[in-house]
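In: Task: produce atomic coordinates for the following.
(chains A, B, C and D)
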Protein chains: 2
Amino acid sequence: MTAHCLPLHEIEARLRAAGIQPTAQRLAICQYVLCQADHPTAEQVKLWVDDHFPKISLATVYNTLNTLAQAGLLRELRLSDRDSAVYDANVSEHFHFVDEATGRIWDLEPTAIDVRPALGEGFQVRHVDVVLRGTVTTPAD
Amino acid sequence: MTAHCLPLHEIEARLRAAGIQPTAQRLAICQYVLCQADHPTAEQVKLWVDDHFPKISLATVYNTLNTLAQAGLLRELRLSDRDSAVYDANVSEHFHFVDEATGRIWDLEPTAIDVRPALGEGFQVRHVDVVLRGTVTTPAD
DNA sequence: ATATTTGCAAAGCCTTTGCAGGGGA
DNA sequence: TCCCCTGCAAAGGCTTTGCAAATAT
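Out: Modelled structure (predicted):
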């Protein structure tokens, strides 16, 4: 739920730039995942695409999501207490807040959390995953 | 890998205190998981117990680990890039560092990281998960 | 005696893979 | 034409579940 909808040709350009053939199925998936969806699961992507594209298989959905993630256009997110992965169109560094009641996921700007690992020597940090869990009383954002 | 080995009767007492029957299988599992193991998977627990107990089923291993986790004696940990869960005898609040080369997991004392969520109003944080990933050049701990 | 627990096998869930057919370059 | 992509179904890996036998209180 990063974003403003991208025009189709812009999505197409992005795929090409990443060396990914902009097939009809991939474009359909991208329209949803890159623009409209809010941390959807593969199943949710499938459901949406089923309503907007004649025929697509779940395998293709998975394959496409993996391809996009590998190309850096999408981020796969696996949460401890969730059985299925979700996909995040926000690929810049950020953290997550999970509403324990609804399961809704919010993106947190990196400035919202100060992670300063004071590790022993020899530890080189390449990646930081932060997931906050709790409740939200105001439905705004 | 919290710990010094607990004597058997101490483990037994802990189980009783948690309202868990200290059966032979559970005691065997606890000896490994609470004392000797370092973030093992269920499969690893099974392997160890197979060498120290006549007969145990994988289902019982899973059930026991779940029981222990539910009782707060153990913490189940699911990492994004790992297909199977690992179990942590350290149940106090702490974070994790994953060596991307070896997969080894290190516990980080909570003071090692300063997480200060600057969230909007209405957000109540109940839990913070932090996983650092990177490399370790010195094998010390 | 009654309630738990175990073992085994089967099922479940999410995800990946193999392969033949189809579409794009 | 040639290669990549898709669909389908089957397989795969991890974990849970159902049920009868065994065990604990």
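
In: where does chain A come near chain B, residue by residue?
Out: A:76-78, A:80-81, A:97, A:100, A:108, A:111-138, A:140-141 (Cβ under 8 Å from any Cβ of the partner chain). C-beta: built from backbone N, CA, C; applies to glycine.

In: Name the single longest strand found in chain A.
Out: In chain A, with assignment by DSSP state E, the single longest strand is strand A:123-136.

In: picking up where we left off before, now, of the residues of chain A next to chain B, which are buried?
Out: Buried members of these, scored by 16 or more other Cβ atoms under 10 Å in any protein chain shown, are A:76-78, A:80, A:97, A:108, A:112-113, A:115, A:117, A:119, A:123, A:128-134, A:136.

In: Run through these and flag the ones next to DNA strand C.
Out: Among those, the residues that sit close to DNA strand C (Cβ under 7 Å from any atom of the strand) are A:Arg78.

In: domains for chain A, by residue range?
Out: In terms of domains, chain A is parsed into A:8-87, A:92-134 (source: automatic domain parsing).

In: Tell me which of these sits nearest to B:Pro7.
Out: Closest approach to B:Pro7 among those (Cβ to Cβ): domain A:92-134, 31.3 Å.

In: Name whatever forms a beta bridge with A:Val130.
Out: On the basis of DSSP bridges, A:Val130 is bridged to B:Val130.

In: Could you pull out the helices in chain A for me?
Out: Ranges of helices in chain A, per DSSP state H, are A:8-17, A:24-30, A:42-50, A:58-70.

In: Setting aside sequence neighbours, what's the nearest residue to the most centrally placed residue in chain A?
Out: With distances taken as Cα atoms, centre = their mean, the residue of chain A nearest its centroid is A:Asp88 (1.1 Å). Excluding the flanking residues, the one nearest A:Asp88 by Cβ to Cβ, 6 or more residues apart in numbering or on different chains is A:Arg75, at 4.3 Å.

In: wait, that neighbour sits on A:Glu93?
Out: No: with contact defined as Cβ atoms under 8 Å, A:Arg75 and A:Glu93 do not form a contacting pair (9.9 Å).

In: can you tell me how far the residue sitting furthest away from the middle of chain A sits from B:Thr137?
Out: Computed with Cα atoms, centre = their mean, the residue of chain A farthest from its C-alpha average is A:Glu121, at 33.5 Å. Here the distance between A:Glu121 and B:Thr137 works out to 8 Å (Cβ to Cβ, to the nearest Å).

In: cool, A:Thr64 as well?
Out: 38 Å.

In: so which of the domains of chain A gets nearest B:Gln36?
Out: Closest of the domains of chain A to B:Gln36 is domain A:92-134, at 23.1 Å (criterion: Cβ to Cβ).

In: before we move on, the earlier item: what's near enough to touch the nearest residue to the residue farthest from the centre of chain A once chain neighbours are set aside?
Out: Of all residues not flanking A:Glu121 in the chain, B:Thr138 sits nearest, at 6.4 Å (Cβ to Cβ, 6+ apart). Listed by Cβ atoms under 8 Å, 6 or more residues apart in numbering or on different chains, the contact partners of B:Thr138 are A:Gly120, A:Glu121, A:Gly122.

In: Looking at those, which is nearest DNA strand C?
Out: Nearest to DNA strand C, judged by Cβ to the nearest atom of the strand, of these is A:Gly122 at 31.8 Å.

In: wouldn't that closest one be in contact with B:Gly134 here?
Out: No: taking Cβ under 8 Å as the definition, A:Gly122 is not a contact partner of B:Gly134, at 10.1 Å.

In: Distance check, A:Gly100 against DNA strand D.
Out: Wrong residue type there; residue A:100 is Glu, not Gly. To DNA strand D, A:Glu100 is 18 Å away according to Cβ to the nearest atom of the strand, to the nearest Å.

In: got the end-to-end distance for stretch A:5-23?
Out: Across stretch A:5-23, the terminal residues are separated by 19 Å (Cα to Cα, to the nearest Å).

In: Pull out the buried residues from it.
Out: A:Leu6, A:Ile11, A:Glu12, A:Arg14, A:Leu15, A:Ile20, A:Pro22.

In: Give me the neighbour count for the closest residue to A:Ile29 other than its chain neighbours.
Out: What sits nearest to A:Ile29 in space, not counting adjacent residues and going by Cβ to Cβ, 6+ apart, is A:Thr64, at 5.0 Å. A:Thr64: 24 surrounding residues under other Cβ atoms under 10 Å in any protein chain shown.

In: Fine by me, thanks again.
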